[in-house]
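# quick check, what structure comes out for this input:
(chains A and B)
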Amino acid sequence: MTATPLPRLPKSPTGIKGLDDVTLGGLPAGRPTLICGGPGCGKTLLATSFLVNGAAMFDEPGVFMSFEESSADLIQNVASLGYDLAALMAAKKLAMDFVRVERSEIEESGEYDLEGLFVRLGHAIQSIGAKRVVLDTLEVLFAGLGDTAILRSELRRLFAWLKQQNVSAIITAERGSGALTRFGLEEYVSDCVLLLDNRVDEQITTRRLRIVKYRGSAHGTNEYPFLIDTRGISVLPVTSAGLAHGGSGAVVSSGIPGLNQMLGAGGFYLGTSILVSGTAGTGKTSLASHFVESVCARGERCLYFAFEESPAQIVRNMRSIGLDLQPRVDAGLLRFEAARPSLFGLEMHLARMYREIEEFAPTAVVLDPISALRGDSGDVHSMLLRVIDLLKSRGITGFLTNLLAAEGRMDHADAGVSSLMDTWISLVQLESNGERNRGLYVLKSRGMNHSNQIREYQLTSQGVHLVDAYLGSGGVLTGSARITQEALDEATARRRQLDADRRRREGERKRAALERQINDMRATLEAEEQEAHQAAEHDAELERRFQAERSAMAVQRGSKLA
Amino acid sequence: MSVSIQESLEGGEPVEEGHYNLRLYVAGQTPKSILALANLKSICEQHLAGRYRIEVIDLLEYPQLAAGDQILAVPTLVRRLPEPLKRIIGNLSDKERVLVGLDLRPGAAK
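Predicted coordinates for the structure are as follows:
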């Protein structure tokens, strides 16, 4: 057998962020898809997005047949999400038909079929050359028409007919108790079934989407959280369970020179996750802001998720330590995303983060603080796991802060996420001698030889400043103890210096004295030598004279003699 | 018997008091639609002789008309006049229900 590629099921992309990922390309093209869910879980919106995106992004016109909402209502409802249905209709990219079924206005007499519906739908499809169709919500027919037997056979015919028309259709249906849909529509639409869910847990709502089945295609099987807001729907694929993140040797600065020194590599590795934990008032946000500033200073984008403070508050507070983040915000390098943790469920936060990260494409992300995320510790853990996965898979450096409830005790969030973190910096309050001092140490930092010291740091008007550690006989000291010890050490050192100076001076004096003596003696010696020389010369002179006299005398005598 | 489009069976001024303006929507000449028209004619002759008008609209030829009168099922009989608008779906074989639908049941009408 030759390895010819198997024909793949043609798909119709929804254009909804994330949904095309979990369905591996979109909904089945040319086939009907059933979307079921309880009231208010976003069925109509999902269906509308499918049509609008199809018309706007994929050049596939669509027909919206509504059984519940009038066209005018629908246009108004989705306008808040930025969908301009009227414009699409004017451009012949969208056709809408509102089918009103009112039981009280209809009398039934004898046999009938739903050919009228087929005609209307067929006419709408032909009028714009539609490739997509939405039927929202077909079940209204069950309330409007009495003869269920006719209805069921007609629905069966309808779905077969839709396939014949080769349109990608979405049929919405209400969730039934015990069954997927109240009237068993899943019986007819068997190609693809999506289930939407809107769950309330501890007063917080989370929307979830699950692909119940997708005939002829692989698909993600989990429940995926999704988000509806002013920018439409986004589904968060919680995939990337694999650990295939690349390991980069590049280093990013922490923004604090002293801290860079403590980290063997001179900073954090690019694309790793950093956790800063500490009790209240230890300066976690300040540390984060330094990091942010250093990222922005390199001209890179940073996304800051603030869960407890408003952006304006953070900017103002950071000015007090000499960091002005506002210009970075104005330059579009820094974006704050502030939301109360209780505003959504964890999954929603995750979905929101996912979307923001996708959109802003930052190189660094700050989560401040992760302890604000409430929920079951298992849920929190799994959410953080996915956040970190998300960041790592994109090579984004993550900077997370965590507020500890009590000194010296690991919080559940801490213990849970510590193994996910590449670098963990602990901020501690060192209490001694009636004062509290801030201490910082690197608890771990994977892949680098980091300092094991607890360093004292100060929040000054020029930023976070790591004080050189006092490392002496007294151990590591901080605060006034350090200052005292430093003073003490200085005094000792000065005394030693003075002693040394004195000894040196004494030595010099002795040496000078000796040299003087040597000079004296040398002078005496010279004097002696000179005297001896003179004496010798005198003797020689005398000898010469004597000889001269002798010869003179000899001459005298010789002349006499001669 | 043939079903023609907008076949007027009985003349008369539309504004006349007690005048019935009826429209029957069908989709092609199916046994159901033929039976429906026959049933309708017989009921009208019996109860509305001289004060009704029937239009038959074949949706296969005029699909754009289906949305206007909110046609879903066929055959559908629409009572356009007198107000209010009434709809009766089916082949109209249940005469009693047609009369109820048209407000023609003895005692109920007028």
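# so where's the longest helix in chain B?
Ranked by residue count and defined by DSSP state H, the top helix of chain B is helix B:31-47.
# and the following helix or strand past that helix, which residues are buried?
As assigned by DSSP states H and E, the chain's next helix or strand after helix B:31-47 is strand B:52-58. For strand B:52-58, a neighbour-count test (16 or more other Cβ atoms under 10 Å in any protein chain shown) marks B:52, B:53, B:54, B:55, B:56, B:57, B:58 as buried. C-beta coordinates here come from the backbone N, C-alpha and C atoms, glycine included.
# quick check, nearest of these to residue A:153?
Lowest distance from residue A:153 to the buried residues of strand B:52-58 (Cβ to Cβ) belongs to residue B:58, with 22.8 Å.
# residues touching residue 99, list them.
Reading this off chain A. A:65, A:66, A:67, A:117, A:120, A:140, B:70, B:72 (Cβ atoms under 8 Å, 6 or more residues apart in numbering or on different chains).
# ah, no, chain B please
Contacts of residue B:99 (Cβ under 8 Å, 6+ apart): B:43, B:47, B:105.
# show me which of those is closest to chain A.
residue B:43 (9.9 Å; Cβ to the nearest Cβ).
# not counting residues beside it along the chain, what's closest to that closest one?
The shortest distance from residue B:43 to any non-neighbouring residue, by Cβ to Cβ, 6 or more residues apart in numbering or on different chains, is to residue B:98 (5.6 Å).
# still on that earlier bit, now which of the contacts of residue B:99 would you call buried?
Buried among those by 16+ other Cβ under 10 Å: B:43, B:47.
# export the contacts of residue B:99 to CSV and tack on pLDDT?
Shown next, in CSV, are the contacts of residue B:99 (pLDDT from 0 to 100):
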residue, pLDDT
B:43, 88
B:47, 85
B:105, 72
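# now the contacts of residue B:99 as TSV including distance to residue B:21?
Output for these, formatted as TSV (distance: Cβ to Cβ, whole Å):
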residue	distance to residue B:21
B:43	15
B:47	15
B:105	19
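# so which bits of chain B are right by chain A?
Within reach of chain A by Cβ under 8 Å from any Cβ of the partner chain, chain B has these residues: B:25, B:27, B:32, B:35-36, B:39, B:59-60, B:63-64, B:66-67, B:70-76, B:85-95, B:97-98, B:100-101.
# rerun that using 6 Å as the cut-off
By Cβ under 6 Å from any Cβ of the partner chain, the residues of chain B that approach chain A are B:27, B:32, B:59, B:63, B:66-67, B:70-74, B:87-94, B:97-98, B:101.
# can you tell me which of those residues are in helices?
Those of those lying in helices (DSSP H): B:32, B:66, B:67, B:97, B:98, B:101.
# does the first one really touch residue B:92, like I thought?
Right, the one you point to is residue B:32. No. At 9.7 Å, residue B:32 does not count as touching residue B:92 under the criterion of Cβ atoms under 6 Å.
# those two - which one has more neighbours?
residue B:92 (28 against 22; other Cβ atoms under 10 Å in any protein chain shown).
# who's in contact with the more buried one?
A:109, A:110, B:36, B:39, B:40, B:98 (Cβ atoms under 6 Å, 6 or more residues apart in numbering or on different chains).
# how many residues are close by the nearest residue to it once chain neighbours are set aside?
Closest residue in space to residue B:92, ignoring its immediate chain neighbours: residue B:39 at 3.9 Å, by Cβ to Cβ, 6+ apart. Neighbour count for residue B:39, taken as other Cβ under 10 Å: 21.
# what score does residue B:39 have for pLDDT?
Looking at residue B:39, its pLDDT is 89.
# roughly how far apart are it and residue A:231?
55 Å (Cβ to Cβ, to the nearest Å).
# now swap in residue A:482 and tell me
Taken as Cβ to Cβ, the span from residue A:482 to residue A:231 is 53 Å.
# which residues of the stretch 301-450 of chain A fall in strands?
A:302-306, A:334-338, A:364-368, A:397-403, A:423-432, A:435-445 (DSSP state E, counting those that start in this stretch).
# can you redo those strands as JSON lines with mean neighbour count?
Shown next, in JSON lines, are the strands of the stretch 301-450 of chain A (neighbours: other Cβ atoms under 10 Å in any protein chain shown):
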{"stretch": "strand A:302-306", "mean neighbour count": "24"}
{"stretch": "strand A:334-338", "mean neighbour count": "20"}
{"stretch": "strand A:364-368", "mean neighbour count": "27"}
{"stretch": "strand A:397-403", "mean neighbour count": "26"}
{"stretch": "strand A:423-432", "mean neighbour count": "19"}
{"stretch": "strand A:435-445", "mean neighbour count": "18"}
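# can you put these in TSV and add distance to residue A:205?
Converted to TSV, the strands of the stretch 301-450 of chain A look like this (distance: least, Cβ to Cβ, whole Å):
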stretch	distance to residue A:205
strand A:302-306	20
strand A:334-338	19
strand A:364-368	22
strand A:397-403	25
strand A:423-432	33
strand A:435-445	37
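# out of these, flag the one nearest residue A:61.
Of the strands of the stretch 301-450 of chain A, nearest to residue A:61 by Cβ to Cβ is strand A:334-338, at 35.9 Å.
# could you list the low-confidence segments of chain B?
Along chain B, the model assigns pLDDT under 70 to residues B:1-17, B:106-110.
# hang on, residue A:212 in a strand?
Yes. Counting by DSSP: H, G, I helix; E, B strand; the rest coil, residue A:212 falls inside a strand.
# wait, it sits on residue A:193?
Yes. With contact defined as Cβ under 6 Å, residue A:212 reaches residue A:193; the gap is 4.2 Å.
# between the two, which one's more packed in?
Neighbour comparison, residue A:212 and residue A:193: the larger count goes to residue A:193, with 22 against 14 (by other Cβ under 10 Å).
# give me the element that one is part of.
Per DSSP H and E: residue A:193 is located in strand A:192-201.
# ok, residues contacting that strand?
For strand A:192-201, using Cβ under 6 Å, 6+ apart, the contacting residues are A:27-28, A:33-37, A:41-43, A:186, A:206-214.
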